[in-house]
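Asker: pasting the structure only:
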């Protein structure tokens, strides 16, 4: 099956340009003088958010979308989620289709988070830590706690219950 997506290169064209290595890298089949890239080079470079992107016939495309299209014979119809959360791990078995909501379930801690834990904020009026989770666009209050760790345990248990396969354990920060 070679389903095309409007404005995107065909899957056949992707196979002319690249192969997919066992570790999910896109490997060039053709040399490119303008990029000073030769056949056999790994294609793609990280963008500001850490995802790899590659130029294909004048279009910048995420490597994970290209890998998906090449391994499934069609362009993805939804967002692509990296199962292990590593944005550069584009092995086909680490990629799965997801809605935007599902894709956001296994995000890490936001950069502006001051507690270091997902779903946990400090309530300075009560001198406590509050846990809350968003489900289908609605905020669910999980309670106030004496420590950020305690609030995090409650949040993580609820996230595991609600997000199922799209739940991913929070990384432990040193």
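Answerer: Received the coordinates, thanks. Everything quoted here is computed from the prediction, not taken from an experiment.
Asker: so where's the protein uncertain?
Answerer: Applying pLDDT under 70 to the chain picks out residues 1-5, 34-35, 108, 170-174.
Asker: Can you tell me the SS state at residue 168?
Answerer: Under DSSP: H, G, I helix; E, B strand; the rest coil, residue 168 falls in the coil class.
Asker: Now the phi/psi pair for it, please.
Answerer: The phi/psi pair for residue 168 (degrees, to the nearest 10) reads phi -140, psi 130.
Asker: doesn't residue 85 make contact with it?
Answerer: Yes - here residue 168 lies in contact with residue 85, judged by C-beta atoms under 8 Å, at a distance of 5.3 Å. C-betas here are computed from N, CA, C, even on glycine.
Asker: can you tell me the helix or strand for residue 7?
Answerer: Per DSSP states H and E: residue 7 is located in neither a helix nor a strand.
Asker: distance of it from residue 21?
Answerer: Distance, residue 7 to residue 21, using C-beta to C-beta, to the nearest Å: 27 Å.
Asker: neighbour count winner among these two?
Answerer: More crowded of residue 7 and residue 21, by other C-beta atoms under 10 Å: residue 21, with 13 against 6.
Asker: Identify the contacts common to residue 168 and residue 85.
Answerer: residue 106 (C-beta atoms under 8 Å, 6 or more residues apart in numbering).
Asker: So between the two, which is more surrounded?
Answerer: Between residue 168 and residue 85, residue 168 has the larger neighbour count (other C-beta under 10 Å), namely 18 against 14.
Asker: Which residue lies closest in space to the more buried one, excluding its sequence neighbours?
Answerer: Residue nearest to residue 168 in three dimensions, not counting chain neighbours: residue 106, with 3.7 Å by C-beta to C-beta, 6 or more residues apart in numbering.
Asker: in the chain, which spans are helices?
Answerer: Secondary structure of the chain by DSSP state H: the helices cover 11-17, 63-72, 100-105, 148-163.
Asker: Please identify the most buried of those helices.
Answerer: Neighbour counts (mean count of other C-beta atoms under 10 Å) averaged over each of the helices of the chain peak at helix 63-72, with a mean of 22.
Asker: And it, how far out from the chain middle?
Answerer: In this view, helix 63-72 has its centroid 14 Å away from the chain centroid, taken as C-alpha atoms, centre = their mean, to the nearest Å.
Asker: ok, residues contacting it?
Answerer: 11, 14-15, 18, 20, 24, 26, 43-44, 51-54, 56, 75-76, 80, 82, 90, 92, 95.
Asker: ChimeraX command to pick out the buried ones of the residues you listed?
Answerer: A single ChimeraX command suffices to select whichever of the contacts of helix 63-72 are buried according to 16 or more other C-beta atoms under 10 Å:
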select :11,14,18,20,24,26,43,44,51,52,53,54,56,75,76,80,82,90,95
